[in-house]
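> Pasting the sequence and the predicted model now:
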Amino acid sequence: MVKRALKFKPEIDDYSSTHHDKRDDIKELNDNEWKQIRYLHQILQPFNKATRIASSTNGGVTIYLVFHLYEILFGHLDDAKDKLEPKTKL
């Protein structure tokens, strides 16, 4: 869903700028909010891939696979946290 929102950003911007006055539940997103959505997409991408890998195993999910995916995902989260910490201190 996040990937689709980024793909249709121009259309979403156009629609929200046209209709935000008519409905309270439609909000225009500013550049910073779109940047946050892109960052969220980057964080979630490996989780999507890991889910697809675990779901496609024909022999069933093994503890080895789960541990391997766990290590990859937590490494990814640690990297994302390290990149985000300096930005939150500004």
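Everything's here; your move.
> Thought residue 36 was touching residue 6, still the case?
No: assessed by C-beta atoms under 8 Å, residue 6 is found out of contact with residue 36, at 11.5 Å. Any C-beta I mention is one placed from the backbone N, CA and C, and that applies to glycine too.
> what number of residues lie near residue 61?
12 (other C-beta atoms under 10 Å).
> State the phi and psi torsions of it.
Dihedral angles of residue 61 (phi, psi; degrees, to the nearest 10) stand at phi -80, psi 130.
> List the contacts of it.
By C-beta atoms under 8 Å, 6 or more residues apart in numbering, the residues touching residue 61 are residue 54.
> What pLDDT is listed against it?
Looking at residue 61, its pLDDT reads 85.
> Look up how far residue 69 lies from it.
9 Å (C-beta to C-beta, to the nearest Å).
> what is in contact with these two at once?
residue 54.
> Report pLDDT for residue 79.
92.
> May I ask which helix or strand encompasses it?
Using DSSP states H and E, residue 79 maps to helix 63-88.
> Spatially nearest residue to the residue sitting nearest the centre point of the chain, not counting backbone neighbours?
What sits nearest the mean C-alpha location of the chain, by C-alpha atoms, centre = their mean, is residue 41, with 2.4 Å. Excluding its sequence neighbours, the residue lying closest to residue 41 (C-beta to C-beta, 6 or more residues apart in numbering) is residue 2, at 4.6 Å.
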